[in-house]
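K.L.:
Requesting a structural model of the entry that follows:
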Amino acid sequence: MKLRSISVLICVFALGAASCSKEAPSAGKAAPEQTQANAAHAPADVKPGSHEDWCGEHQVPESQCTRCNPDLIPAFKATGDWCAEHGLPESQCLKCNPDLKIVRPPKES
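P.N.:
A predicted model of the protein is given here:
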């Protein structure tokens, strides 16, 4: 019984040590979560309505993404485009409008 307890403690410490690594990512590689975050959101200087104006996390134009930019909420509410139940613009609420398709504009060539 005592040997089993010691084995469990060793496993817990080994897992804890492995998960607490503080190593910085190498200079040539970005951390996976950083790369994913960059791909999920548009840069601030993109043209609204362009292909690049896309929030990959929420699948809506970045310039209209109220989940990323809550400052946009009053404008949607003022125009009556707001789903209070789900906290989204009605024009983006897939729960109220399951057939709604929000399509990313194609890349300009």
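K.L.:
contacts, neighbours, all on C-alpha from now
P.N.:
Will do.
K.L.:
What ranges does the chain have for its helices?
P.N.:
Assigned by DSSP state H, the helices in the chain fall at 2-19, 32-40, 73-78.
K.L.:
Go through the last one and flag the buried ones.
P.N.:
In other words, helix 73-78. Across helix 73-78, burial judged by 16 or more other CA atoms under 10 Å covers Ile73, Phe76.
K.L.:
What average pLDDT does that helix get?
P.N.:
Regarding helix 73-78, the rounded mean pLDDT is 98.
K.L.:
Now do that helix: which elements does it pack against?
P.N.:
Packing partners of helix 73-78 (3 or more CA pairs under 8 Å, 6 or more residues apart in numbering; DSSP states H and E): none among the helices and strands.
K.L.:
Please report the distance of Lys95 from Ala75.
P.N.:
To Ala75, Lys95 is 21 Å away according to CA to CA, to the nearest Å.
K.L.:
Likewise for Pro106?
P.N.:
As for Pro106, its distance to Ala75 is 26 Å (criterion: CA to CA).
K.L.:
do the same with Cys68
P.N.:
15 Å.
K.L.:
Spatially nearest residue to Trp82, not counting backbone neighbours?
P.N.:
Pro89 (4.2 Å; CA to CA, 6 or more residues apart in numbering).
K.L.:
before we move on, what about Leu88?
P.N.:
The shortest distance from Leu88 to any non-neighbouring residue, by CA to CA, 6+ apart, is to Trp82 (5.9 Å).
K.L.:
And for Ile102?
P.N.:
That would be Val60: by CA to CA, 6+ apart, it lies 6.5 Å from Ile102.
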